[in-house]
Every structure is written in C-alpha cells, then in structure tokens.
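Chemist: Generate a structure from the sequence data that follows.
(one chain, ligands or ions: 1)
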Amino acid sequence: MSTAPQLVVHRDKELMAQAAAARLITRIVDAQASRGEASVVLTGGRNGNGLLAALAAAPARDAIDWPRLDLWWGDERFLPEGDPDRNVTQAREALLDAVPLDPKRVHAMPASDGPHGSDVEAAADAYARELAAAAGPEDHGAVPAFDVLMLGVGPDTHVASLFPELPAVRETERTVVGVHGAPKPPPTRVTLTLPAIRAAREVWLLAAGEDKAEAAAIALSGAGEIQAPAAGAHGRARTLWLLDAPAASQLPRTLYPPATA
Ligand SMILES: O=C(O)[C@H](O)[C@@H](O)[C@H](O)[C@H](O)COP(=O)(O)O
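Modeler: As a prediction, this is how the structure comes out:
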C-alpha cells in the first residue's frame, strides 16, 4: 500500500534542515520509547548532510539514546574507505563522530577497497545479506522496517542512486544493487532499490533549493517511477516531502499552498 505524499514547506533550506532535524529527533525518541530501539536510513547530498549538521547542533540532540540507534544508508558512492566523497565519510564529519553510537549498529555500505574489492555487485549482495540478517519476523521481507528512511532528491528526480530509466530503478526483487554509469559522479555506486525503500515505515524526501523545484513538481504530479524515481519512494505508513519555498515554487496549486478550509 503506498501512502499519499504529505508536504511540509519551510521558508528556506536552513530552516528546513533545522525543522527536519527536530522532527527526526522526535521520531527516533518515540520509536525508542515504544520499542527500545530505532533504525534510520541516511542519505548523502547537501540536504541530507545539512540535516545531520542541524541535528548535531540541536539542543535536544541527546534525547536520542544513541547506542540504541541503527543507522543504514540509502546509497553510497563506491569509493575507497575514508574517501571524502563517500556518504558515510560526510555523515561522520557532520554528526556521527560527535555522538556515542554503537559502532556495530552503524551499517556503512562496503567501500571499493573492502573485502569485495572492485566488485560492486558483490558489495551490493553483501549489504543485502546484512539487511536481511537484521530483519525481524514482523518486518516486510528482507529488510528491517526502518522507522525513517531519508532521501535527497536530485534535479533529475533521482533518489538514492536510482536514476531515471537506468536498470537499478527497474529492479523489483533485489533490495540492494550496484550502479554503473550514474549521471551524478562518481559513476559507480551501491543503492537500495525501490522495494527496499518501500519497506520503510516512513519515507522522508528532502528537497531544498530552486534547483529542485522542477523535480518536485514532476515527482508530485503523477509521473511514473521509472522516469521519475522520487515518485516511487513511498513509506508503508507515511510519505513526507520536506521542502523549502524555492523547491516548492513550481508545485501545482492543487498541492501547494494548502487550500484554506
Ligand atoms: O549519493 C548521493 O549523491 C545522494 O545519495 C543523492 O541521492 C543525493 O541525495 C541527491 O543527489 C541530492 O543531493 P543534494 O542534496 O546535494 O542536491
């Protein structure tokens, strides 16, 4: 069952990052209060890292029980460990190195100089196995029921490393695949697929900046997921678009601003 997207529009990208960070703190705290733990999927990119930096600076940050938080990634650039362009490297700099996470619960995607070498398919299969091992009987298939899965949105409507018309966005069975020839450098990546994304309880799409306005309008106006991967990113319980005003500037009037009662 796919949930209809909900939209929240903030004044600018800084406020969007701060408000999204506050929202994430509350969501994690609630999950930990009810289940004793929480799991979140991080995204790379400026909006994703902006949210992590805002979370690092948030006064309520340590309401989160950090050692009982599982962190996963929606995608990763297939580069050597420690490469500054890797999403996990940027996440560590923005937040992870400043909070007391349990290293066993930080599930970085394999690097290109790791145990699988340059075999990106083997790296993808290994991450799929790690996800499956973490899935419980109550989860939907071969991935844990992530509390929140965050996705940045590319100007071409890509999410994670699912780019329009490329093979990865067409995958309907596997949960993690390798990507070759990505139009956004670097060309080789590892990514969750749409079936894995749609196993999340909540999917949050982050779109801030004028350069995302067309992508948001396309994805929210009924485009197909092959041509506009962001259109296929739905959570089981909630699909939430977090935008700033410039990114919302081309949305159809039927979507934004909200009609007054
Ligand atoms: O590896 C990556 O680059 C990201 O995972 C990618 O999906 C990103 O989230 C979007 O391209 C948006 O990036 P910006 O927020 O920088 O525009």
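Chemist: quick one, what contacts the closest residue to Thr188 other than its chain neighbours?
Modeler: Take Thr188 and drop its neighbours on the chain: the residue closest to it by CB to CB, 6 or more residues apart in numbering is Phe78, 4.2 Å away. (C-beta placed from N, C-alpha, C; glycine too.) Contacts for Phe78 (CB atoms under 8 Å, 6 or more residues apart in numbering) come out as Ala111, Ser112, Val120, Ala123, Gly178, Pro186, Thr188, Arg189, Val190.
Chemist: For the stretch 51-200 of the chain, list the residues in contact with the ligand, please.
Modeler: With CB under 6 Å from any ligand atom as the criterion, the stretch 51-200 of the chain meets the ligand at residues Asp75, Arg77, Asn87, Gly152, Val153, Gly154, His158, Val159, Ala160, Lys184.
Chemist: go with 5 Å
Modeler: Contact residues, the stretch 51-200 of the chain versus the ligand (CB under 5 Å from any ligand atom): Asp75, Gly152, Gly154.
Chemist: Buried only: go through the contacts of Phe78 for me.
Modeler: Using 16 or more other CB atoms under 10 Å as the burial test, the contacts of Phe78 include Ala111, Ser112, Val120, Ala123, Gly178, Thr188, Arg189, Val190 as buried.
Chemist: can you map out the strands along this protein?
Modeler: 5-10, 38-42, 69-73, 75-77, 148-152, 176-179, 189-192, 202-207, 238-244 (DSSP state E).
Chemist: ranking those strands by burial, who's on top?
Modeler: Among the strands of the chain, ranked by average contacts under mean count of other CB atoms under 10 Å, first place goes to strand 189-192 (a mean of 31).
Chemist: then that one to PDB, C-alphas only?
Modeler: These are the backbone C-alpha positions of strand 189-192, laid out as PDB (Å, rounded to 0.1, in the frame of the first residue of the first chain):
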ATOM      1  CA  ARG A 189      27.500   3.200  -6.600                       C
ATOM      2  CA  VAL A 190      25.600   0.900  -4.300                       C
ATOM      3  CA  THR A 191      21.900   1.600  -3.800                       C
ATOM      4  CA  LEU A 192      18.800   0.400  -2.100                       C
END
